[in-house]
Structures are given as C-alpha cells and as structure tokens.
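Quick one, what's the 3D model for this:
(2 chains)
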Amino acid sequence: MTTPAHTPENFPPELLAAYADNELDAVTRSRVEAYLAEHPEALAELTAQRAFGPGNALLWERAEVPEPSAAAWNVVRRGIGQAFNPPVPATTQTNRTFTRRTVAAILGIVAIAAVVAFLVVKPAAPQPPPSDAPKPVDVVNAAPVILEVAPPPRLVVPVSQPNPLEGIAVLPMASDDDVILHRVPDTGAGWLPVGHNPLPKTLLFATVEEVHLEDVKPCPAWPKGMPKMTNGPGTMPMIFAAKPR
Amino acid sequence: MPAVTAILNPDASPSDTTLLERCAAGDRDALDDLFRRYRTVAYRVAYRLLGREADALDAVQDAFVKALKHLDRFRGHSSFKTWLLRIASNAALDVGRQRKREARVPQAPRDDPPDRYGPADLPAPEAELTRTDLRDAIDAALARLPDTQRQTFVLHIDGGLTYKEVADTLGISIGTVMSRLFYARQKLKTLLADQMEP
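I've put the predicted structure just below:
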C-alpha cells in the first residue's frame, strides 16, 4: 500500500487558506501538513495566507476602522426608530383614553336616566288614612289577590334634531392604503411593529354607540356631510383602532 | 437551565431571541440593547466594504431596519448576527455600486473627500505607515477585489464569522468560502506587497 502522492496538481491550494485559519478537520489538516513537508515552496503561500488572516492581530489592530462618535451612533439609532410605524403603545393609550371617555359618558347618561326615572315613578308620600277608610286587610289570613303591576314608564328623551348617525352602524375611517403611520414624537412610548402589517384591513373609526357628539351645530348637509371635527387634548393626532366585537 | 441561570445571575445579558421578542412587542430598550450589541461589528463590515464612515453608517442603519422588518424571513435558522451581517454587507455593496455609478457621471467638485477607489489610489509605500495609511491601503486593495471575494473576506475577518457561518450567511458551500478567501488573499498580497512590512 502506497501513500497517495501529494502533487500540486492534485492538491487544492485553497486548503492552505483553511489551514492558516485553523478551519480544517484533523484528517485534512494532516494531509496539508504532509503536502507542506513534501513541497516546502508552498510555505511561502501559507505565510501569505496567514498574513491576511484573522490571526494576524497586529495587522488588523493597526488597520482598525475608525470608531464613529456617540453623536453619529445616536443619529443612526434615531434613523432606525423613525423607519418604523407609529408606536403601538401610543395607539393603545389613545384607545384607552377613548374608552374612558365613552364609559364616563355612558355612566353619566345612566345616572341622569336613573334620576329622571326615580322622579317619574317616585311613589307619593304616605298620607294618613281617613277616618272612614276600611280597615286594613288581614293579609295573613286573607285569600290571595292577584295584582296587576303596570310597567314602569318608558324614559323618553326628546330629540330636537334627527340623529345624523342613524342607519350607520360603523364609521369607517380609512383603508390601510390610505393611512401612513408616523411616529408621534416625544411621547415616550416605545414601539416596534415587526412581522406583519399593522393595518391589515379597513380601519374602523367606531360604532355609533361609541361616539358621543358634543357642541355640534345642525348642518343642512347631514347626513352626507361630516360633523365638525375638533382636536383632542393637545395636538397629538389620534388613531382609533377597530374595537373587537 | 436558563431559569436557574437567570436567578443566580440576574445581570446576565438577555439572549438575542429574547431581545427580538421584546423588540416585536415595542420595547425600545430591547432595540437599544440589540443595536449596541451588533452595531460595531456591522459597522466594521460595512466600513471595510465602503471605506467611508458616513456610507458605512448608512449601511448599518439600513441593515438594522431591513433585518428587523423582515424577521419573518430570518426565522432563527441562523444567528441574528449572521442575518444582520448578511444584510449589512449586501447593503454596503449596493451603496458601493451606486457610488461607482455616480462616479462615472461628471459632477461639480464637492467638499467630500475623493473616492478612494480610483485606479491609482494606493498610498505610496513608506517605511513607516501610519494607522490611517495602512487602513487606507487595505481598503483600497479590498476595493479591487471582486464583490464576492471582498464580501467573503470581510465577513470572515471583520465580521468574525467562521467558514461555516460565512457559508450559511452567503448561501454558498464551505469549499467556495475557502476558495474565495484563498484567491482574495493572493490578490491582497500582490496589491499590498509594497505596503506590508517584511
């Protein structure tokens, strides 16, 4: 049995690069070492490969790339943040605010309705029975009597103007193609939507029940026209995501 | 036992996977951590491919944005580092190609330093090269390599990737990595023969 000849013709020279970088398995490494023993002229190439390899710490230390300043890094970091859509927490916060307002309005309406209902159905103050009034019924020993109880009076709130939102179940805001989301600066809210389109379909503004109109003046163009819109607190733009139903 | 490790060593840095999950949930601090963890290596790769700090920083920013926006393509098959470096090096090569195209169009002189990638831009040989001179010489020599060789070389040297990691990053075989590195170094040896100390 003879050892296979190591000739330049059957020796892949790129093995010298991997040998210089210590990236070979033991068998291949032995093969390279046998070749180098038979062909010492290849040592010059191995030296060159090592000179430009990661093991030449002196070379790469001297040729180290210049480190950017902290200000330059901050610019890059801000650029990365600005490349993404508006903060999800900011939207959530807006929704929370919207929900709080809605709940407060509903509670207010319920409270007023309760007061009105109480005043309407409030029983009169008990009067002393007249002297000729019949004697009280002995409810313990008397036969049962079926009483018909009238339903409570229905609360009717007069409406001076027709409801402009009547017949509109949901108010669409825009399609996802119509909306460009920008980060709201200086809100302190972190966000990074990753992996899917945050606007997969039409954005729903709100249901009619969720909308409370204030200070709206009658407009002849209704319901085709739009109610007058005013900004919320501050100047922050507000986006309402669809509420799960 | 990661849970026990976390208890015993509460200051242990979170894994890339943890940071990426927190990033996806909108955690800015996680993005800061991820950025600080990999900005330098991404910058070194981009700088070595472009030779100019401003361009390299643009490539780094572009790489982070693309890597985080397309995490669904990443899917954890490789490390985030190799995923980021792949994007960073491709972004740097794109910037370099665009710059070469712009260089072919005559333009009014600008205040920017001249493109170092011209035909005769290697610094003159000197006995004592300064740090900047040597770096410029290496950058200029690297600029003369084919893109594939240059990208492979830089990912290995400046990115600190093993042959297998480079192969996975570029979607090539380890043999191809080996071959590209060998011939890249041969050319560098020739181009920098006068610059290197004996």
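
isn't B:F35 right next to B:A63, touching?
No: in this structure B:F35 lies outside contact range of B:A63 using Cβ atoms under 8 Å: 10.9 Å. No exception for glycine: its C-beta is placed from N, CA and C like everyone else's.

who's more crowded, those two?
B:A63 (27 against 21; other Cβ atoms under 10 Å in any protein chain shown).

so that one sits right up against B:K81, yeah?
No: judged on Cβ under 8 Å, B:A63 makes no contact with B:K81 at a distance of 11.4 Å.

The helix or strand hosting B:L84 packs against which elements?
For B:L84, the element it lies in under DSSP states H and E is helix B:80-104. Here helix B:80-104 touches helix B:16-24, helix B:28-50, helix B:53-69, helix B:147-157, helix B:163-170, going by 3 or more Cβ pairs under 8 Å, 6 or more residues apart in numbering or on different chains; DSSP states H and E.

how big is the angle separating the first one from helix B:28-50?
This points to helix B:16-24. In terms of direction (axes from the mean of the first three to the mean of the last three Cα atoms, to 10 degrees), helix B:16-24 departs from helix B:28-50 by 110 degrees.

do the shortest one as well
In terms of direction (the same axes, to 10 degrees), helix B:163-170 departs from helix B:28-50 by 100 degrees.

so helix B:163-170 versus helix B:80-104, what angle?
Comparing the axes of helix B:163-170 and helix B:80-104 via the same axes, to 10 degrees yields an angle of 60 degrees.

CA atoms of helix B:163-170 as CSV?
What follows is helix B:163-170, C-alpha atoms only, in CSV (Å, rounded to 0.1, in the frame of the first residue of the first chain):
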residue,chain,number,x,y,z
TYR,B,163,-16.2,29.4,7.4
LYS,B,164,-19.5,27.7,8.1
GLU,B,165,-21.1,30.9,9.2
VAL,B,166,-19.9,32.7,6.1
ALA,B,167,-21.2,29.8,4.0
ASP,B,168,-24.6,30.0,5.7
THR,B,169,-24.7,33.7,5.5
LEU,B,170,-24.0,33.9,1.8
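
Skip ahead from that helix and say which helix or strand is next.
Beyond helix B:163-170 in the direction of the C-terminus, DSSP H and E gives the next helix or strand as helix B:174-191.

Now that next one: buried residues?
B:176-189, B:191 (16 or more other Cβ atoms under 10 Å in any protein chain shown).

Contacts for that helix, please.
Helix B:174-191 is contacted by residues A:13-18, A:21, A:23, A:45, A:48-49, A:51-53, B:122, B:138, B:141-142, B:144-145, B:148-150, B:152-153, B:156, B:163-164, B:166-167, B:170, B:196 when judged by Cβ atoms under 8 Å, 6 or more residues apart in numbering or on different chains.

And the buried ones among those, selectable in ChimeraX?
For the buried members of the contacts of helix B:174-191, the matching ChimeraX selection, counting by 16+ other Cβ under 10 Å, is:
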select /A:13,14,15,16,17,18,21,23,45,48,49,51,52,53 /B:122,138,141,142,144,145,149,150,152,153,156,163,166,167,170,196
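
Fine, thanks again, bye for now.
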